[in-house]
Structure formats: C-alpha cells, structure tokens
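>>> Mind folding the following:
(2 chains)
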2 protein chains.
Amino acid sequence: MINPVIAEVTRGGIVESRHRGAYAVVDGSGHVVAAEGGIAAAVYPRSAVKAFQCLPVIESGAADRFGFTDEEIALCCSSHNGEQEHVRVARAMLAKASNTEALYECGAHWPYHEATRFHLIRDGQQCASVHNNCSGKHAGMLALARQIGADPHGYTRIDHPVQRLIAKTMGALCDIDLDQQPAGIDGCSVPTWAMPLKSLALGFARFCAPDFAAGRRIIEAVRAHPFMVAGTGDFDTLIMEAVPRVFVKTGAEGVYCACVPHAGLGIALKVDDGASRASEVAIASVLSGLDVWTPDEKAALERFRHHGLANWRKTEVGEVRGLRL
Amino acid sequence: MINPVIAEVTRGGIVESRHRGAYAVVDGSGHVVAAEGGIAAAVYPRSAVKAFQCLPVIESGAADRFGFTDEEIALCCSSHNGEQEHVRVARAMLAKASNTEALYECGAHWPYHEATRFHLIRDGQQCASVHNNCSGKHAGMLALARQIGADPHGYTRIDHPVQRLIAKTMGALCDIDLDQQPAGIDGCSVPTWAMPLKSLALGFARFCAPDFAAGRRIIEAVRAHPFMVAGTGDFDTLIMEAVPRVFVKTGAEGVYCACVPHAGLGIALKVDDGASRASEVAIASVLSGLDVWTPDEKAALERFRHHGLANWRKTEVGEVRGLRL
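Reported below is the predicted structural model:
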C-alpha cells in the first residue's frame, strides 16, 4: 500500500516537496474511527511513547516514593530543549532517587535551544547527558531501577528489568506482545519496539481512559507543565498551551502520537520519510479534523496546520502545510 | 505518477523510513539513457545549478578581468561549510572586483562546519553573510554585475540584469524558456526556476561537452579544488576527491545533479520529500550503476551508497542506503 501525501512544502506558488504518511484514530475499544494509509505496518514509535515509558515509574510507586512533582513527571515524558529549567528538573529527579549524572546512558548532545547552546559554548562548557532531550525520561528509568531493586548500570539494555517492565506495560496497553515485534535501539540507547499505528493509537486511547489512574496522572502533569515536555517555541509545547484538552508527543523519524481524553480517542501518525516538519502539520490536520472541539479549539488547531517558510533574509518563500484528505 | 523508493533508512533490521524520488540520466543529444519516476515534473534545482549560475561569470569575461583563480571559480559553484579557507577565498573574490561584504544579499547564517561555528561563538563573534554557504556564488554574481556595468545593489532580484543573464544562459543550456517556468526565491534570496529533471540532466550533459569551454573550465577548477565546493566531511567534496572523473553538486530539498564528462552524461535527481540524507546515497547509487567506470571508481562510488546511522553514544543503530532499481 502506498501511503497518501499528508503534508507538502511550497515555494513560489508550486509544491516543491511532498511527504507521504499514514495515521490511525482509534477509540478505547480498538475501533478505527478514522485512518489513512497503511496502519498495519510496524512503525518504531521512538520518543512518541515516552508517556508510556513513564507509566511504570508511576505504577511501581517510584514517583510517590521519590516525591516526583508534576513538573518532574512531565519532564519524564519529554523530548526537551535542554533549557536551564529542564536541566534543573532533571537534576532534581536524579538527586531524589539517589542517582547521578554519571549513571546516564543516553549520551550527550548540545541543547536544542539555541540561546542555551550558545551560552554553554561561550562559557567554555561541554554538552553533557543531562542536556540530552531524553534526560528526563532517563532520570525516570533510573528511579524505576532503584524502586524495583535493579542495578541502575545497564538500565538501557533490552534485557534489563527496567526495559522488561516497560515492554510488558507498553505491550499490555497497546494489546501487542512486544517480544514478538522488531526491536531497534533509539537515539538515546533504550530499546524501541515497532508496532502498527493501529496498536499505537489504541494504546493512547486506553492511556487517557477515565479509569486509568496512572495515565490520567501523567496527562494532568503534562497539561500543567507543557513547557517541560519540549520547550520554548517547540510544537508540542505550543499546541498543548493553545489547546489544553489535547495531549501530543512527537517522536523521531516523523512519528506523532496524541490523545483526546474528553473524547476517548488515541491517534498515531508516521511520515514515511521521517520528516518532523511534516509530522507536525499533519498531526495538526488530523486533530483539527476531529469533530470533538469547541470552535476556539478548532481554530487554534487549524493555525498549526501550516506555517510560512522563510529564507536567510527572513523573506517568506513558501509554506509547509498539512493536508486534509 | 508515484515515484519509486530510491533510498531507505533501517533500524534494528527493518526499514524505518523511506524516500521516494526520480532521476534522469541524459546524453548531450537529449536522449534519456536511464530514468526512474516522473522526470517531466518541474523541480526547483536550487543550489545544484550553481555551476550554471557561474557560467556568465566566465563567459562575460568577469573571471578573466578580475583574475579569478581556479579556487575562486570552484567557490563560485559551492555550497560551502563556512570554514576559514572558504571565507578567505570569498573575501578575495569580493576585493578583486571592488565589492564589499555590505553588498551581499544572501543573508547571514552560522558556518555549517561545527568547529568553525564553535570558534566564532566562543570568540564572541556573530555570523555574517560571508559565512553563508552561498557566499562564493554571490561574490561571483557581484563580480558579474561589475563586469556588465549593472548596479550591484539588488543583484538578487529576478529582474536584475545579473539574474536575467543567468536565466538566459541556464535556459539555453537546458533547452527551456525559464521565463515560462515557475520561479521561486532560494534560501540565499536569488531566483530559482523550476524545470523538469530531464531538462536539468540535459543541461549537465551539455555543460560537460568537450567543445564547451566555459563548462570545462568550471569542471576543471572544481576537480582541482573539491574542498572549495563543500568542505570537511561533506558529500560533494568526498565523492569528487574519491572519483575525480565525476562532477556532483547538491541542492536543497533533495536535489542532486552530476555529470560524467568522459561519458558525456548529465544526471539530475530529486527526492520527493526533500531529504538530503536520501539524495546523497541515491545519487551515489545512480552514478555507481552507470557502465562508465573503472573497477576502482565503481568500488569507490559503491561505498557512498550506504553509511551507518549512529546514536548519541555512537552505537550503530541502522543504515541509510541508496537502492538500485
């Protein structure tokens, strides 16, 4: 099956580039409410399931034992910008669970946030694992290791108790045996298991079910602190600030997941070619097309469906836009 | 027409992302020697035609009048990294034609080369237009303005004599009236005219014809200074260092053009979604598949068809590879 074009980039009035992809909108019973493209093909969810990876941190009692705040739970689900506030919260999470930055296995990269990056460089500093966009998730995993009495060293290995627990939790939620699915290594060294978009969307529908306490706790934490999930100017943060009734999370290689708790819907989307410029406007198109919003919410989501493309002199030369199929 | 998948990205043994695209291999008479996908659709060539934009600099006599060296001519065709040597050569070109950095209309951006960028930031400097990857091309355009007696101000405007001359030259080479084609504004503010891949490939076949002195002069200049065309670790530079009998040039949004002077072939390729990670391995696949190489050249080109994908801890997690169709 060849997926349809779900986003395009224009220049000078014509389409310069096209992005194909697929998505599924699923309710808590597994019914596919809306879909385009191949939703049965296995997709690595990457960082789009950080909220699922955070579930055992809540359900094991680690979050309560170590007194994680909503801000810290939100950072646990984040692909953050490495801004000062993100780093502060990640360090607090480590300290609360008696972990240290030396235990991090996510690898170091410079903060995505330009001003923060420039500040570090000007200051003669190096980037560290705590700046890694996944450092909140890893702080949660290290806390989970402490809680279940596992050696924190090697917590990113697929056979480590932390990852086993995550696979079991995530598989149950998405109704799929992840041990039977292809597994890859993510950018931050933890496993990522491939699964159909349909399963991923089901997981998000169940994640936001009213009777699922751990899921609702995470959603409320993120709703209270959308900045922690991404950062200044980032799509996830902007969209949840504009429309607090939606939960969205980006993943590398063009994945986007979302859920709409008040409507009981889960959404999973993948751009074939992996471009995030496309997954952003495409998920906004899918969300704004759902019949579950107030007029204000719908208008806000519509604004995320397209944005201008500027050149080095800030001249607007084209547009990136999500398509409604 | 839906273009075929020409490059893919793997992770953990399965394909994670796919890139579709089209390409044409054309000889000097316009005969299509090989092709895949829609080669009649209009594509913005972007920076892939910098060598064509440089032709009037040679043909007008500007290069001779201002004593441009081979190194300078190579930089005129470049999307460079902004390394110290690139900046030095761009400044020399400006000075030779009595132009200044203040006349640049390309806009400023930080050098693509990380160490150079970090050095500037640590040094408290700002990025300038001379660091723009197109600063060599713009130095050539400014010299051309001097040579034809045009006001250098506004040299990037589509109706400026410099751009009119470029459109005429490029249209003649590609056998297409660019005034009838869609025009957009490029990242560096100059016009880019859309044309079929077939026309673009024809232009490159003619560009390298033995009796086309200006084209051969540019090709020889680039062959002598492949570093000037891109820089440390860049695909264009690496491929031409490894196989000096090929001329290649990347363009934004997934365009790649090439020519093989000894075989009289021109090649133009566009990745639908605009990804350069795909256009690089795809052009290497097209080139290595041509029956015009020594075994050593073929082996070298094959090596550019795929490369490992590493995560933040430098663990190899997958591969980017060009497909042979």
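
>>> Determine the number of other residues adjacent to A:Ala282.
29 (other Cβ atoms under 10 Å in any protein chain shown). Any C-beta I mention is one placed from the backbone N, CA and C, and that applies to glycine too.

>>> who's in contact with the closest residue to A:Phe66 other than its chain neighbours?
Leaving aside its sequence neighbours, A:Phe66 sits nearest to A:Lys96 (Cβ to Cβ, 6 or more residues apart in numbering or on different chains; 4.3 Å). Residues counted as contacts of A:Lys96 (Cβ atoms under 8 Å, 6 or more residues apart in numbering or on different chains) are A:Phe66, A:Gly67, A:Phe68, A:Glu72, A:Ala143.

>>> And for A:Thr116?
By Cβ under 8 Å, 6+ apart, the contact set of A:Thr116 is A:Asn81, A:Gly82, A:Glu83, A:Gln84.

>>> Show me what A:Val320 bridges to in the sheet.
On the basis of DSSP bridges, A:Val320 is bridged to A:Val9, A:His307.

>>> quick one: it and A:Ala284 touch, right?
No: here A:Val320 lies out of contact with A:Ala284, judged by Cβ atoms under 8 Å, at a distance of 10.8 Å.

>>> Looking at those two, which is more packed in?
A:Ala284 (28 against 20).

>>> Backbone dihedrals for the more buried one, please?
phi -60, psi -40 (degrees, to the nearest 10).

>>> how deep is A:Lys298 tucked in, by neighbour count?
A:Lys298 has 16 neighbouring residues, counting by other Cβ under 10 Å.

>>> which residue packs closest to it, ignoring adjacent ones?
A:Ser288 (5.9 Å).

>>> show me the contacts for that neighbour.
With Cβ under 8 Å, 6+ apart, A:Ser288 has these contacts: A:Lys298, A:Leu301, A:Glu302, A:Phe304, A:Arg305.

>>> closest to chain B among those?
Nearest to chain B among the contacts of A:Ser288 is A:Arg305, at 18.1 Å by Cβ to the nearest Cβ.

>>> What's the mean pLDDT across the biggest strand by length in chain A?
Of all the elements of type strand in chain A, the one with the most residues (DSSP state E) is strand A:14-27. Mean pLDDT, computed over strand A:14-27, is 98.

>>> tell me which parts of the stretch 101-250 of chain A are close to chain B?
For the stretch 101-250 of chain A, the residues in contact with chain B (Cβ under 8 Å from any Cβ of the partner chain) are A:105-109, A:118, A:121-122, A:124, A:132, A:182-189, A:192, A:194.

>>> what does the average pLDDT come to for stretch A:236-254?
If you average the pLDDT over stretch A:236-254, you get 98.

>>> Please apply the same query to stretch A:161-172.
On average, stretch A:161-172 scores 98.

>>> Give me the buried positions along stretch A:316-324.
A:Val317, A:Gly318, A:Val320, A:Arg321, A:Gly322, A:Leu323 (16 or more other Cβ atoms under 10 Å in any protein chain shown).

>>> Now list the buried members of the contacts of A:Thr116.
So, of the contacts of A:Thr116, A:Asn81, A:Gly82, A:Glu83 end up buried under the neighbour-count rule (16+ other Cβ under 10 Å).

>>> Tell me which stretches of the stretch 1-150 of chain A form helices.
A:50-59, A:62-65, A:70-76, A:84-96, A:114-122, A:135-147 (DSSP state H, counting those that start in this stretch).

>>> any chance of the ones you listed in TSV, plus mean pLDDT?
Shown next, in TSV, are the helices of the stretch 1-150 of chain A (pLDDT from 0 to 100):
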stretch	mean pLDDT
helix A:50-59	98
helix A:62-65	98
helix A:70-76	98
helix A:84-96	98
helix A:114-122	96
helix A:135-147	98
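
>>> quick one: contacts for A:Phe227?
Taking Cβ under 8 Å, 6+ apart as the test, what A:Phe227 contacts is A:Glu85, A:Thr237.

>>> buried set for whichever strand or helix holds it?
Following DSSP states H and E, one finds A:Phe227 within helix A:226-229. Of the residues in helix A:226-229, A:Pro226, A:Phe227, A:Met228, A:Val229 count as buried by neighbour count, 16+ other Cβ under 10 Å.

>>> Hmm, A:Gly37 is touching A:Val5, no?
No: the pair A:Gly37 and A:Val5 fails to qualify as a contact (Cβ under 8 Å) at a distance of 10.0 Å.

>>> And the residue nearest to A:Lys298, how far from A:Ala299?
From A:Ser288 across to A:Ala299, the span is 9 Å (Cβ to Cβ, to the nearest Å).

>>> With A:Leu55 instead?
A:Leu55 is 33 Å from A:Ala299, by Cβ to Cβ.

>>> So for the two, which residue has more residues nearby?
With neighbours defined as other Cβ under 10 Å, A:Leu55 and A:Ala299 compare such that A:Leu55 has more, 25 against 13.

>>> if we can go back for a sec, got a markdown table for the helices of the stretch 1-150 of chain A, with distance to B:Glu280 too?
As requested, the helices of the stretch 1-150 of chain A are arranged in a markdown table below (distance: least, Cβ to Cβ, whole Å):
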| stretch | distance to B:Glu280 |
| --- | --- |
| helix A:50-59 | 31 |
| helix A:62-65 | 44 |
| helix A:70-76 | 36 |
| helix A:84-96 | 33 |
| helix A:114-122 | 26 |
| helix A:135-147 | 31 |
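
>>> right, so of those, which gets closest to A:Asp211?
With Cβ to Cβ as the criterion, A:Asp211 lies closest to helix A:50-59 of the helices of the stretch 1-150 of chain A, at 14.0 Å.

>>> which residues touch the closest one?
A:62-63, A:68, A:73, A:76-79, A:134, A:137, A:140-141, A:143-144, A:147, A:162, A:165-166, A:169-170, A:173-174, A:190, A:203, A:207, A:214-215, A:217-219, A:222, A:247, A:249.

>>> buried ones in stretch A:48-64?
Buried-residue list, stretch A:48-64, by 16+ other Cβ under 10 Å: A:48-60, A:62-63.

>>> what about that stretch, start to end distance?
Across its full length, stretch A:48-64 reaches 24 Å between end residues, using Cα to Cα, to the nearest Å.

>>> Also stretch A:110-129?
OK, stretch A:110-129 end separation, Cα to Cα: 9 Å.

>>> now stretch A:154-163
10 Å.

>>> repeat for stretch A:122-136
With Cα to Cα as the measure, the first residue of stretch A:122-136 is 25 Å from its last.

>>> do the same with stretch A:95-107
End-to-end distance for stretch A:95-107, by Cα to Cα: 19 Å.

>>> List the buried residues in it.
Quick answer for stretch A:95-107 (16+ other Cβ under 10 Å): A:Lys96, A:Ala97, A:Asn99, A:Leu103, A:Tyr104, A:Glu105, A:Cys106, A:Gly107.

>>> Out of those residues, which two sit at the greatest distance?
Distance extremes for these: the farthest pair is A:Lys96 and A:Gly107 at 22.7 Å, using Cβ to Cβ.

>>> and A:His153, how many neighbours?
11.

>>> For it, give me the pLDDT.
pLDDT at A:His153 comes out at 98.

>>> ok so, going back, what is the nearest of the buried residues of helix A:226-229 to A:Val32?
For those, the nearest to A:Val32 is A:Val229 (27.0 Å; Cβ to Cβ).

>>> Look up how far A:Pro244 lies from the nearest residue to the closest one once chain neighbours are set aside.
Nearest residue to A:Val229 in three dimensions, chain neighbours excluded: A:Ser78, at 4.5 Å (Cβ to Cβ, 6+ apart). Separation of A:Ser78 from A:Pro244 (Cβ to Cβ) stands at 17 Å.

>>> quick one, helices of the stretch 201-325 of chain A?
A:213-224, A:226-229, A:235-242, A:276-288, A:295-303.

>>> With only the CA atoms kept, save the second one in CSV.
This means helix A:226-229. C-alpha atoms of helix A:226-229 as CSV (Å, rounded to 0.1, in the frame of the first residue of the first chain):
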residue,chain,number,x,y,z
PRO,A,226,3.6,21.8,28.8
PHE,A,227,6.9,23.7,28.8
MET,A,228,8.6,20.7,30.4
VAL,A,229,7.6,18.4,27.6
